[in-house]
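Participant: Provided below for reference: sequence and predicted model.
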2 protein chains.
Amino acid sequence: MEKVGVSMKPQNLFSKVPDSLKDELFETLLKTDHCILERIISSGQQTKPGEWYDQDTNEWVILLRGGAGLLFEGEREVRVMHPGDYIHIPAHHRHRVEWTEAGQKTVWLALHYR
Amino acid sequence: MEKVGVSMKPQNLFSKVPDSLKDELFETLLKTDHCILERIISSGQQTKPGEWYDQDTNEWVILLRGGAGLLFEGEREVRVMHPGDYIHIPAHHRHRVEWTEAGQKTVWLALHYR
């Protein structure tokens, strides 16, 4: 089993957040044969207009700081995510990030699995 | 693939927390063939004196609210967990919860995997 970033030394999800981010930051916290756990930090970014995420893996994702709006294909209403909100996104369920808060960092924890 | 609690309706990790808890509360948020994601709520509980957790699965766990002290077998010092702190506990690595905050609920998110 391949493991990335596995440590018995406690680390903090909200530390080591860069002051400024041109792009969203994706970091793998744990990688096993069947799942990947990652931290995502957004800073006002959104998915490019007209583009969608179309993922091969299922995703369980929680927003822990900041705020964001998610749009799912076929829906008209953007879902606003507040701290603590989590959602399950089945593989190939197309979605996009309409907005993330510009005034502060948005911190996500995402579990991708097959 | 068996899935438990999988919903595309956003839910909040910090909601539906009972006012009083005699025992720790364990709730499965997601169950797949290879991993289980669970919410744990503690309210001053600790592992019984002299007892240890000895788990068949690996565990990645993050404390998101409250505070707790973890002790690993063979170590003298209790590791204090603050909000955002996460740690990886290999299967069969014996450990115990020495304390959790009594004045507020402690909320954990734990990923168990093989």
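Facilitator: Perfect, I can see it now. Numbering: from 1, shown residues only, chains lettered A, B, ... in the order given.

Participant: residues in chain A within reach of chain B, list them.
Facilitator: Residues of chain A lying near chain B by C-beta under 8 Å from any C-beta of the partner chain: A:6-15, A:29-30, A:32-35, A:37, A:58, A:60, A:62, A:64, A:72, A:79, A:81-90, A:93, A:109, A:111, A:113. Any C-beta I mention is one placed from the backbone N, CA and C, and that applies to glycine too.

Participant: Now with 7 Å, please.
Facilitator: The interface of chain A toward chain B, taken as C-beta under 7 Å from any C-beta of the partner chain, is made up of A:6-8, A:10-14, A:30, A:32, A:34-35, A:37, A:60, A:62, A:64, A:79, A:81, A:84-88, A:111, A:113.

Participant: Report the buried members of those.
Facilitator: Listed as buried from these are A:6, A:10, A:13, A:30, A:32, A:34-35, A:37, A:60, A:62, A:64, A:79, A:81, A:84-88, A:111, A:113; burial here means 16 or more other C-beta atoms under 10 Å in any protein chain shown.

Participant: Sort out for me which of these are in strands.
Facilitator: Among these, the residues falling in strands (DSSP state E) are A:30, A:35, A:37, A:60, A:62, A:64, A:79, A:81, A:85-88, A:111, A:113.

Participant: Same list, those, but as JSON lines with distance to residue A:103 please.
Facilitator: Shown next, in JSON lines, are these (distance: C-beta to C-beta, whole Å):
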{"residue": "A:30", "distance to residue A:103": "30"}
{"residue": "A:35", "distance to residue A:103": "32"}
{"residue": "A:37", "distance to residue A:103": "27"}
{"residue": "A:60", "distance to residue A:103": "27"}
{"residue": "A:62", "distance to residue A:103": "21"}
{"residue": "A:64", "distance to residue A:103": "16"}
{"residue": "A:79", "distance to residue A:103": "20"}
{"residue": "A:81", "distance to residue A:103": "16"}
{"residue": "A:85", "distance to residue A:103": "18"}
{"residue": "A:86", "distance to residue A:103": "23"}
{"residue": "A:87", "distance to residue A:103": "23"}
{"residue": "A:88", "distance to residue A:103": "28"}
{"residue": "A:111", "distance to residue A:103": "27"}
{"residue": "A:113", "distance to residue A:103": "32"}
